[in-house]
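Participant: no sequence on hand, only this structure:
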Ligand SMILES: O=C(CO)COP(=O)(O)O
């Protein structure tokens, strides 16, 4: 449950999916969210960078936020193909995902790199969503908590606040697999992350949101979102289908 006044955040990560025709999905999400629900939760869509501008236009005048999926740590320079936090902010993005496990696995991102990117996000006034998560092998070795705590301790910028930082726990083995940890397993990791946040930033730890991500669907969202210290969801596959993403948002309806 998002408690202690933390406002839930339901975020969609489209990954490398979406053409201009996908703006219809954003419009359907926009039109399907009731004012009463938007009073209770924050909603964010992170499309590929190519669609950020048109998504920003589609949600103009609503509280729905648009974010990037990755950034370069530097503000500008000779980094062919890269996009800086300033460029994302310039398009109207207000969040950016940092250190997603797919970036770590396929683009060799390290915890130090995640830290540099999170600083870049803060520099440009974006909220960084810092992702942590263990592999199945690490879980089986009993190392899940050690892994995610270390990822957080290195990745999180000094003095992080709820205004510039969100944490997302995404077990690598739950992403796109249809498998999720049990509510007890999620509660254990989120409590441990909250405790680590407390060590790192003190009181502010109780204001920083910790999302759960990995195979969140309308059918399991209610159960997962009421786990203690779960302050929302980071949704992959189900965020590509307006009705599914809306179904997850509606877990917060009652
Ligand atoms: O990686 C994720 C979100 O960032 C989760 O993806 P799925 O919801 O497709 O498992």
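Facilitator: Received it, and whenever you're ready, just let me know what you need. Bear in mind the structure is a predicted one, so any value in this text is a computation, not a measurement.

Participant: which one is the residue in the stretch 101-250 of the chain positioned nearest to the ligand nearest to, not counting chain neighbours?
Facilitator: Scanning the stretch 101-250 of the chain for proximity to the ligand using CB to the nearest ligand atom identifies residue 236 as nearest, at 2.2 Å. In this view, the C-beta of every residue, glycine as well, is placed from N, C-alpha and C. Nearest residue to residue 236, sequence neighbours excluded (CB to CB, 6 or more residues apart in numbering): residue 13, at 5.3 Å.

Participant: swap in residue 32?
Facilitator: Setting aside the residues directly before and after it, residue 32 is nearest to residue 246 in space (CB to CB, 6+ apart), at 4.4 Å.

Participant: quick one, what contacts that neighbour?
Facilitator: By CB atoms under 8 Å, 6 or more residues apart in numbering, the contact set of residue 246 is 28-29, 32-33.

Participant: which secondary structure element contains it?
Facilitator: In this assignment (DSSP states H and E), residue 246 forms part of helix 242-249.

Participant: if we can go back for a sec, now the residue of the stretch 101-250 of the chain closest to the ligand: how far from residue 164?
Facilitator: As for residue 236, its distance to residue 164 is 24 Å (criterion: CB to CB, to the nearest Å).

Participant: interface residues of the protein facing the ligand?
Facilitator: Neighbours of the ligand within the chain, by CB under 6 Å from any ligand atom: 13, 100, 170, 175-176, 213-216, 234-238.

Participant: and the buried ones among those, selectable in PyMOL?
Facilitator: The command below creates a PyMOL selection of those among the residues of the chain next to the ligand that count as buried (16 or more other CB atoms under 10 Å):
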select buried, resi 13+100+170+175+213+214+215+216+234+235+236+237+238
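
Participant: strands of the stretch 51-200 of the chain, start to end?
Facilitator: Defined through DSSP state E, counting those that start in this stretch, the strands belonging to the stretch 51-200 of the chain, from first to last, are 65-68, 95-98, 127-132, 165-169.

Participant: how about those strands in CSV, adding mean pLDDT and distance to residue 230?
Facilitator: CSV is the format used below for these (pLDDT from 0 to 100; distance: least, CB to CB, whole Å):
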stretch, mean pLDDT, distance to residue 230
strand 65-68, 98, 19
strand 95-98, 99, 18
strand 127-132, 98, 14
strand 165-169, 98, 9
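
Participant: export these to a markdown table and tack on mean neighbour count?
Facilitator: What follows is these, written out as a markdown table (neighbours: other CB atoms under 10 Å):
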| stretch | mean neighbour count |
| --- | --- |
| strand 65-68 | 24 |
| strand 95-98 | 27 |
| strand 127-132 | 28 |
| strand 165-169 | 26 |
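
Participant: and residue 43, which helix or strand is it part of?
Facilitator: For residue 43, the element it lies in under DSSP H and E is strand 42-46.

Participant: quick one: low-confidence ranges for this structure?
Facilitator: Screening the chain residue by residue with the criterion pLDDT under 70, one finds the ranges 1-3.

Participant: residue 9: what's it in contact with?
Facilitator: With contacts defined as CB under 8 Å, 6+ apart, the neighbours of residue 9 are 41-44, 166, 209, 211, 231-233.

Participant: redo the residues you listed as CSV? Include distance to residue 104.
Facilitator: Output for the contacts of residue 9, formatted as CSV (distance: CB to CB, whole Å):
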residue, distance to residue 104
41, 28
42, 25
43, 26
44, 21
166, 17
209, 21
211, 17
231, 22
232, 21
233, 20
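
Participant: show me what contacts residue 86?
Facilitator: Taking CB under 8 Å, 6+ apart as the definition of contact, the neighbours of residue 86 are 75-76, 123-124.

Participant: residue 52: neighbouring residues, count only.
Facilitator: Here the number of neighbours of residue 52 (other CB atoms under 10 Å) works out to 23.

Participant: that one and residue 20, how far apart?
Facilitator: From residue 52 across to residue 20, the span is 12 Å (CB to CB).

Participant: check this protein for its longest helix and report it.
Facilitator: Across the chain, the longest stretch assigned as helix under DSSP state H is helix 183-201.
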